[in-house]
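Asker: Model the structure of this input:
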Amino acid sequence: MDERRNPPSDEWKEENGTPEGQATDSGAEEGSGPREGGSAGNGGPGQPPRSKAAGELVEWIKALAIAGLLVFVIRWFLVSPFIVDGPSMQPNFHDRERIIVNKIVYDIRQPKRGEVIVFHVPEEGRDFIKRVIGVPGDTVKVEGDTVTINGKAIDEPYLKEAYENAHASGQVYNEDRGDSSRFPNAEFPDGKVPEGTLFVMGDNRPNSEDSRMIGYIPLDRVVGRADLVYWPLGDFHFVSHKS
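Answerer: Next up, the predicted model:
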């Protein structure tokens, strides 16, 4: 009778395992490894290769979208390619050369003397590439191969060789062709550059349509500064804007 009233001994507990709640928790911990692995998206035996390929495709799409966005921003807001059309900037730029124009620089500051710019000429429905000679407030005079700004002859290192070759043969590089070669002239008698405009000329002085013929260029027509010649590859170089 005394043996039936006694509670189960410790020896009995060990033989029949731990209490039910503890066994469930332990079982969850032990089983959590494989389940976590399954929840990573690998799925069944045939799914891992497909998931990996889909992931790579998504990454490629993201990369291409970012690249496209960068190209759009750079192309429309920072730089733009142009083709030099004609000989007016020889000997420093040649017909059919490809150039990169910096479109952001003049959002920061105004053009400076000696810089090569591209600007719209709506009267002719095209863009011109010329060199800035005079900025607002300057008084410009062009006579033969002498260009004066505010009464002082300027140095033009970008035309040094052209001047020397012409003078060595007893000629003037900017030969006299009447009003198309000098400034001021009958059509543009005021040599002072108005506010908000530029006086520009082509480096090919005897063969350039520029401010001597079309007048001052409003700043809001300026597209940007020519910074790089990238084609032909043999002529690849950054443009010098020293004056």
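Asker: Can I take it that Gly170 is in a strand?
Answerer: No - checked against DSSP: H, G, I helix; E, B strand; the rest coil, Gly170 lies outside a strand; its state is coil.
Asker: Can you check the pLDDT for it?
Answerer: On the pLDDT scale, Gly170 is placed at 94.
Asker: And the strands in the protein?
Answerer: Secondary structure of the chain (DSSP state E): strands at 79-83, 98-102, 116-121, 126-134, 140-143, 146-149, 152-153, 197-201, 217-218, 222-231, 237-238.
Asker: The last one pairs with which strands?
Answerer: Here strand 237-238 has these sheet partners by DSSP bridges: strand 222-231 (antiparallel).
Asker: between the partner strand and strand 116-121, how big is the angle?
Answerer: 120 degrees (axes from the mean of the first three to the mean of the last three C-alpha atoms, to 10 degrees).
Asker: Give me the contact list for strand 222-231.
Answerer: By C-beta atoms under 8 Å, 6 or more residues apart in numbering, the surrounding residues in contact with strand 222-231 are 79-82, 93, 97-106, 111, 115-120, 127, 129, 198, 235-239, 241. Where C-beta positions appear, they are placed from N, C-alpha and C, glycine not excepted.
Asker: Can you pull up the most central residue in this structure?
Answerer: Centroid-nearest residue in the chain, with C-alpha atoms, centre = their mean: Val79, separated by 3.3 Å.
Asker: Spatially nearest residue to it (excluding sequence neighbours)?
Answerer: Among residues not flanking Val79 along the chain, Ile100 sits closest, at 5.2 Å (C-beta to C-beta, 6 or more residues apart in numbering).
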